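[1] model this:
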Amino acid sequence: MAFFNIFSKDKKEKLDEGLDKTKQSFFSKLTRAVGGKSTVDAEVLDNLEEMLVMSDVGVDTTLRIIEKIEARIAKDKYLGTSELNQVLREEVATLLEENNTGNEKEFTIPEQEDPYVIMVVGVNGVGKTTTIGKLANQLKLQGKSVMLGASDTFRAAAVDQLKIWAQRVDVPIVEQGMDADPASVAFDTLQSAKAKGADVVIVDTAGRLHNKVNLMNELSKIKNVMKKVVPTAPHEILLVLDGSTGQNAYEQAKQFSLATEINALAITKLDGTAKGGVVIGISDQFKIPVKYIGVGEGINDLQVFNKYEFVDSLFKE
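    As a prediction, the model looks like this:
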């Protein structure tokens, strides 16, 4: 279909490769769910429900999918197991469509007078700093001037890692070292970006554990300070989640969405896991657009999430 040709061939192939473990696991479970039957009956639906939950689609989203399939059976009076893969493909695509996720075709930033400010949040170890570096690279390739802010000042390694990425991508960075006030770093970053006419500012924040309320409160402080420089900032609060952690990613999304107004998600490390179903469930349950996915370790392996490409790669037989 025409809408599958929106990425260059190498990016689509990379997506196929990145989702291969998820796809193989998914199809092996689907085969077991069908169990040699020719029609989708109550037993097949029960097995399918278990399969989707085990694939980290999530309980609530799984029940929605099962209900949609039951409605199709009631309408058509018959559904062969040979058609089940296609039906699942269509229902998952519809689900993502309903949640308004995966609509972008390339890395884009709205045109505006002030810098477009992205505040990046997430716990340690999810690939947050790497995602920032890769995102800066992609935006720079789109002709945007990008500046980084090192507001994760609780770990010296975090500042050092971001500096390495800034050098690698060749973009400026504002940092004050470990133990500096994170809000002060954010303030200086935005001031510098505004003075130099930068198009985009990406501010890193501490890799905070989602059960530490005091660290969550720091996010509000950073946001309030940003508004003193750019009143509409931050324009995007990007939560980075590790796709390989499955259900733990759901808990992180829940806690962060309670603590601050997340309006975009990046799900990383999908190439190293069979838990790619987490993309479907998180998008559905939190109604927050999945904007980026990580499908490899290379600098160009952060991709804009597009539902058509994702569904095509996941369900390709």
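[2] how about the secondary structure of the spatially closest residue to Gly272 that is not a sequence neighbour?
    In space, and not counting its chain neighbours, Gly272 is closest to Ser244: 5.8 Å by CB to CB, 6 or more residues apart in numbering. For glycine as for every other residue, the C-beta is placed from the backbone atoms N, C-alpha and C. Secondary structure state of Ser244, per DSSP: H, G, I helix; E, B strand; the rest coil, is helix.
[3] before we move on, what about Ile118?
    Taking three-state DSSP as the rule, one finds Ile118 in the strand state.
[4] give me the neighbour count for it.
    24 (other CB atoms under 10 Å).
[5] and if you look at Lys287?
    12.
[6] residue contacts, Leu19?
    270-271, 276, 295, 310, 313-314 (CB atoms under 8 Å, 6 or more residues apart in numbering).
[7] can I get those in JSON lines including neighbour count, secondary structure and pLDDT?
    Supplementary listing: these in JSON lines, determined by neighbours: other CB atoms under 10 Å; DSSP: H, G, I helix; E, B strand; the rest coil; pLDDT from 0 to 100:
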{"residue": "Leu270", "neighbour count": "26", "secondary structure": "helix", "pLDDT": "88"}
{"residue": "Asp271", "neighbour count": "22", "secondary structure": "helix", "pLDDT": "85"}
{"residue": "Gly276", "neighbour count": "28", "secondary structure": "coil", "pLDDT": "83"}
{"residue": "Val295", "neighbour count": "25", "secondary structure": "coil", "pLDDT": "89"}
{"residue": "Phe310", "neighbour count": "25", "secondary structure": "helix", "pLDDT": "88"}
{"residue": "Ser313", "neighbour count": "22", "secondary structure": "helix", "pLDDT": "86"}
{"residue": "Leu314", "neighbour count": "24", "secondary structure": "helix", "pLDDT": "85"}
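[8] what would these look like in a markdown table with distance to Gly35?
    Shown next, in a markdown table, are the contacts of Leu19 (distance: CB to CB, whole Å):
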| residue | distance to Gly35 |
| --- | --- |
| Leu270 | 29 |
| Asp271 | 30 |
| Gly276 | 24 |
| Val295 | 32 |
| Phe310 | 28 |
| Ser313 | 26 |
| Leu314 | 22 |
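[9] of those residues, which is the nearest to Leu88?
    Leu314 (9.3 Å; CB to CB).
[10] right, and the closest one touches Val278 too?
    No. Leu314 is beyond contact range of Val278, at 11.9 Å (criterion: CB atoms under 8 Å).
[11] mind listing the shared neighbours of these two?
    By CB under 8 Å, 6+ apart, no residue touches both Leu314 and Val278.
[12] and the contacts of Leu19, which is closest to Asn217?
    Leu270 (31.3 Å).
[13] how about the residue nearest to that closest one when sequence neighbours are not counted, what does it touch?
    Nearest non-adjacent residue to Leu270, counting by CB to CB, 6+ apart: Gly243, 4.6 Å away. The contact partners of Gly243, by CB under 8 Å, 6+ apart, come to 249, 267-270, 273, 275-276, 278-279, 293-294.
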